[in-house]
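> Got a predicted structure plus its sequence, pasted below:
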Amino acid sequence: GQIIPERRFVEAINRQAYQYEMGDFPTEWEAWIRKKRKDPPTIEEILRNESYRQEMEQKVKDVYEKDKLLQAKEYKEGLVAEPVRTHIKGHASAPYFGKSEPSQDPASTANTFQPGSWIPPASGSNQPK
């Protein structure tokens, strides 16, 4: 009375099985292998879906280019402010002071540090003596 589930797999022909990556198979076959659909896809279905994907990809490129041209026109006419380009070094919220390259000379050594050699100024240290 035990039901054995159906196993679906792909036999590697041109490559070793470990060389296949996600996206190497058409989406329709991936769906069938993962049991997201009942029947395996037909060649016609795969070709139709592939041409649809390419058509959509081209439409996306066209819309992107059209938007880019419209944006450039709006910048030129002064309708929209151009985005500000900032260059941040180090942590984004911390100002950067100093050289652009780190120094090769050590700032201090362990031999020169003396515990208790630095004492914070007293609270009234701003007052003249």
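Noted; the coordinates are in hand.

> Domain map for this structure?
Following the TED database, one gets these domains for the chain: 9-41, 42-81.

> export those to JSON lines and tack on mean pLDDT, mean neighbour count and distance to residue 122?
Backbone N, C-alpha and C define where each C-beta goes, glycine included. Formatted as JSON lines, these follow (pLDDT from 0 to 100; neighbours: other Cβ atoms under 10 Å; distance: least, Cβ to Cβ, whole Å):
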{"stretch": "domain 9-41", "mean pLDDT": "80", "mean neighbour count": "11", "distance to residue 122": "66"}
{"stretch": "domain 42-81", "mean pLDDT": "93", "mean neighbour count": "11", "distance to residue 122": "51"}
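
> want to throw these into JSON lines with distance to residue 3?
Putting the domains of the chain into JSON lines (distance: least, Cβ to Cβ, whole Å) gives the following:
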{"stretch": "domain 9-41", "distance to residue 3": "14"}
{"stretch": "domain 42-81", "distance to residue 3": "28"}
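
> of the ones you listed, which approaches residue 1 most closely?
Of all these, domain 9-41 sits nearest to residue 1, with 22.4 Å by Cβ to Cβ.
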